[in-house]
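S.K.: pasting the sequence and the predicted coordinates here, then a few questions.
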Amino acid sequence: MTDNQTGEGAAPAVGPALPRLVGDEDERLTGAELRRLTARVRAHNLPAEPGRVAMDVGEVAISLALVTLYMWGFGAPVRELLGSDATGFGLGPGLVQAMVLALAVVAGAALALRLGPAGLPAAGVRWWVPTSADRTGLMSPSVVRLVLVGIGAGLVVGGVPAAFVGVGVTGVLVDAALGGALGLVVVAGTGMLQVTGAASGDLPQRMLTLLLAAVPVAGLGAALWAPGWAAWAVPWPVPAALAVLGGAALAVWATRLDRLRAGELRARASAAMQASAALLSLDSGGMSRALLSGGPTASRVLPWLPGTARGPAGALLAADATLLARSPAALAGLVALAATGAVAVQVPGLADGIGLWAVLAGVGYAGALAGAVGPRSAGENPRLDALVPLSARAARVVRTAWPVLTAGIVLGAVAVAVGGGQWLAMAVPSAVVLGAAAVRTAYRGPVPWDVPMIATPAGGVPTGLVLHQLKGLDLAVLGTLPLAWVAVAGVATPSLVVVQVLFATGAVLWAAHVKAAGR
């Protein structure tokens with residue numbers, strides 16, 4: 001046989017041409033249809049338990065009732081506390097209302113700008129965004145959810161302080177309406193910044209950072225010049241006008257959701273996932289990284305600072321100072337803490353005694369944490385300290401310098417507000433203790449989840465998590481016991497100052513302690 005007869009070497013037979021695949025617009029899933037299809041699959045794989053919805057509604061109703069009863073019970077003591085005049089000038093209830101509302105608005109805007117407001121979960125970004133489904137239908141639930149959260153939080157922030165300071169029922173309702181309208185404006189306004197692309201820039205975040213520092217400073221000025229600010233309730237046209245403004249911003253935001261880029265949605269999903277994981281695990285360090293890691297930095301500030309390094313210790317000091325100077329959020333936090341502490345000590349119950357010690361230790365420890373930018377970086381990446389020819393203990397002692405300075409600045413501002421040179425004498429060694437406590441917190445490492453749990457009537461308590469959260473805080477409390485004694489006694493004797501200095505020395509040695517390998 002020839003090759004043609006056997007078929008070897010012959011060209012394969014060509015059949016009829018296949019039709020070209022073309023997408024049908026009528027069969028393409030919209031964003032809402034894709035979400036509903038995913039929900040049906042999830043419901044099929046995880047069928048709902050009978051009565052589960054009723055149990056959830058009942059738990060929410062009971063929780064709201066308990067919160068209402070607690071607020072009703074706390075209202076009278078708060079009004080008595082603010083109404084007394086144990087200090088040179090009292091803290092007016094109207095100022096309390098204004099500061100709570102202003103801080104909540106600025107903090108809510110910063111949080112919404114960082115985590116959204118419109119977005120998708122990580123799985124939605126991976127599976128839904130690459131499809132041809134419209135993003136308006138995909139993200140509309142997040143818009144509705146965030147708007148409801150903003151309005152609900154605003155109702156609480158506006159109504160609860162008004163109820164505490166003794167405003168009537170009508171005033172509480174109108175102040176709550178003001179808070180809800182402001183919540184709508186905040187969420188819708190940040191949503192408009194998001195769809196226009198301005199939210200990814202540094203300018204809005206820098207402005208909010210400055211406002212976070214400016215609000216306590218303005219509150220301190222109002223406390224000094226207008227101490228008798230009585231409780232207030234805004235007229236009804238004000239929340240009505242804000243609600244109309246928020247509704248208009250919401251309409252513009254909802255019609256431009258298709259402009260959101262995939263990269264921006266991916267960044268928002270990553271930040272939200274990190275924040276939720278840190279919240280569930282009570283990881284304060286993870287929460288700060290999730291909320292502040294994408295914040296603005298000052299790239300060209302104090303360019304001469306790195307050149308001041310002399311030797312290994314000088315290199316550590318210069319590096320930590322550069323990190324601190326390039327963190328506008330940390331610097332603004334210092335100003336806010338100093339002003340907040342100065343305002344807090346004007347409350348009669350916090351002007352002396354244990355209340356004064358709680359304010360000094362609390363704001364001082366927070367100020368030390370704000371200045372511990374370098375120690376936190378070294379705690380997250382232990383190789384940073386290994387690059388410097390210093391022992392681990394020496395590196396931690398050197399890194400204590402800037403947290404001590406920031407704690408001293410905050411304590412000094414509060415001591416001046418209290419009045420009296422004795423507090424300045426106690427503030428210096430107390431700042432050393434709090435700075436060492438901040439370094440201990442920065443180097444506490446990951447949570448030891450392998451530690452056995454403790455069984456309680458309320459459920460299991462993760463012992464490792466509790467011990468992890470107490471690292472640093474335990475040193476701050478124990479190391480400032482002489483300060484507490486002075487706050488209760490009202491007089492700082494030289495012997496107590498010496499005792500506080502000894503406590504500061506021990507705190508530095510404790511914070512610099514490094515466990516041996518294998519222990």
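M.R.: Happy to help now that I have it.
S.K.: mind jotting down where the helices sit in the stretch 201-350 of the chain?
M.R.: 202-225, 237-254, 262-280, 284-292, 311-325, 328-344 (DSSP state H, counting those that start in this stretch).
S.K.: and the last one, how far from the chain's centre?
M.R.: Using C-alpha atoms, centre = their mean, to the nearest Å, the mean C-alpha position of helix 328-344 is found 15 Å from that of the whole chain.
S.K.: what residues sit buried inside whatever helix or strand comes next after it?
M.R.: Once the chain leaves helix 328-344, the next helix or strand it forms, by DSSP states H and E, is helix 353-371. For helix 353-371, the neighbour count (16 or more other C-beta atoms under 10 Å) marks 355-371 as buried. (Glycine included, C-beta is placed from N, CA and C.)
S.K.: go on, stretch 184-200?
M.R.: The neighbour-count check on stretch 184-200 (16+ other C-beta under 10 Å) flags 184-195, 199-200 as buried.
S.K.: and it, how far out from the chain's middle?
M.R.: Using C-alpha atoms, centre = their mean, the offset of stretch 184-200 from its chain centre is 19 Å.
S.K.: what's the average pLDDT for that stretch?
M.R.: Stretch 184-200 shows a mean pLDDT of 84 in the predicted model.
S.K.: from the buried residues of stretch 184-200, which two are the most distant?
M.R.: Of all pairs drawn from the buried residues of stretch 184-200, the widest gap by C-beta to C-beta lies between L184 and S200 and measures 22.9 Å.
S.K.: quick revisit: out of the buried residues of stretch 184-200, which sit inside helices?
M.R.: Judged by DSSP state H, helices contain the following of those: L184, V185, V186, V187, A188, G189, T190, G191, M192, L193, Q194, V195.
S.K.: any idea of the pLDDT on L211?
M.R.: On the pLDDT scale, L211 is placed at 86.
S.K.: swap that for Q346, please
M.R.: With respect to pLDDT, Q346 scores 77.
S.K.: can I assume it is in contact with G219?
M.R.: No - using C-beta atoms under 8 Å, Q346 is not in contact with G219; the gap is 10.1 Å.
S.K.: show me the shaky parts of the stretch 101-250 of the chain.
M.R.: Where the stretch 101-250 of the chain drops to pLDDT under 70, the residues are 199-201, 226-227.
S.K.: try 50
M.R.: For the stretch 101-250 of the chain, no stretch has pLDDT under 50.
S.K.: got it, and the stretch 301-450 of the chain?
M.R.: For the stretch 301-450 of the chain (pLDDT under 50), the answer is none.
S.K.: how about 80 then?
M.R.: Along the stretch 301-450 of the chain, segments meeting pLDDT under 80 span 301-310, 346-352, 419-423, 446-447, 449-450.
S.K.: show me what contacts R396?
M.R.: P375, V439, Y443, A511, A512, V514 (C-beta atoms under 8 Å, 6 or more residues apart in numbering).
S.K.: dump the ones in helices among the buried residues of stretch 184-200 into TSV; add distance to G479 as well.
M.R.: What follows is those, written out as TSV (distance: C-beta to C-beta, whole Å):
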residue	distance to G479
L184	46
V185	44
V186	40
V187	42
A188	47
G189	44
T190	41
G191	46
M192	48
L193	44
Q194	44
V195	50
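S.K.: burial count for the spatially closest residue to G314 that is not a sequence neighbour?
M.R.: Leaving aside its sequence neighbours, G314 sits nearest to T308 (C-beta to C-beta, 6 or more residues apart in numbering; 6.9 Å). Neighbour count for T308, taken as other C-beta atoms under 10 Å: 12.
S.K.: and what of Y443?
M.R.: For Y443, the count of nearby residues is 25 (other C-beta under 10 Å).
S.K.: pretty sure it is touching G379, no?
M.R.: Yes - Y443 lies in contact with G379 (C-beta under 8 Å); the separation is 4.6 Å.
S.K.: I'd like the distance between the residue nearest to G314 and R399.
M.R.: According to C-beta to C-beta, to the nearest Å, T308 and R399 sit 16 Å apart.
S.K.: again with A511
M.R.: 9 Å.
S.K.: shared neighbours of the two, anything?
M.R.: In contact with both A511 and R399: V439, using C-beta under 8 Å, 6+ apart.
S.K.: would you reformat the contacts of R396 as CSV and include distance to A112?
M.R.: As requested, the contacts of R396 are exported to CSV (distance: C-beta to C-beta, whole Å):
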residue, distance to A112
P375, 30
V439, 33
Y443, 33
A511, 36
A512, 40
V514, 41
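S.K.: which ones among those residues are found in helices?
M.R.: Among the contacts of R396, DSSP H puts P375, V439, A511 in helices.
S.K.: so who does V432 touch?
M.R.: Residues in contact with V432 (C-beta under 8 Å, 6+ apart) are T400, V404, A504, A507, V508.
S.K.: check which helix or strand the second one maps to.
M.R.: With elements delineated by DSSP H and E, V404 resides in helix 401-418, which encompasses its position.
S.K.: next: the fourth one.
M.R.: For A507, the host element (DSSP H and E) is helix 494-511.
S.K.: so what touches that helix?
M.R.: For helix 494-511, contacts defined as C-beta under 8 Å, 6+ apart pick out 396-397, 400, 425-426, 429-430, 432-433, 436-437, 439-440, 443, 475, 479-483, 485-486.
S.K.: average model confidence for that helix?
M.R.: For helix 494-511, the per-residue pLDDT averages 92.
S.K.: starting at the chain centroid, how far to it?
M.R.: In terms of C-alpha atoms, centre = their mean, the gap separating the centre of helix 494-511 from the centre of its chain is 32 Å.
S.K.: for stretch 210-224, same thing?
M.R.: 19 Å.
S.K.: now it: buried residues?
M.R.: With burial defined by 16+ other C-beta under 10 Å, the residues of stretch 210-224 counted as buried are L211, L212, A213, A214, V215, P216, V217, A218, G219, L220, A222, A223.
S.K.: repeat for stretch 368-381
M.R.: For stretch 368-381, by 16+ other C-beta under 10 Å, it's A368, L369, A370, G371, A372, V373, G374, P375, R376, S377, A378, G379.
S.K.: relative to L250, which of those residues is nearest.
M.R.: A370 (35.0 Å).
S.K.: that closest one contacts L337, correct?
M.R.: Yes - with contact defined as C-beta under 8 Å, A370 reaches L337; the gap is 6.9 Å.
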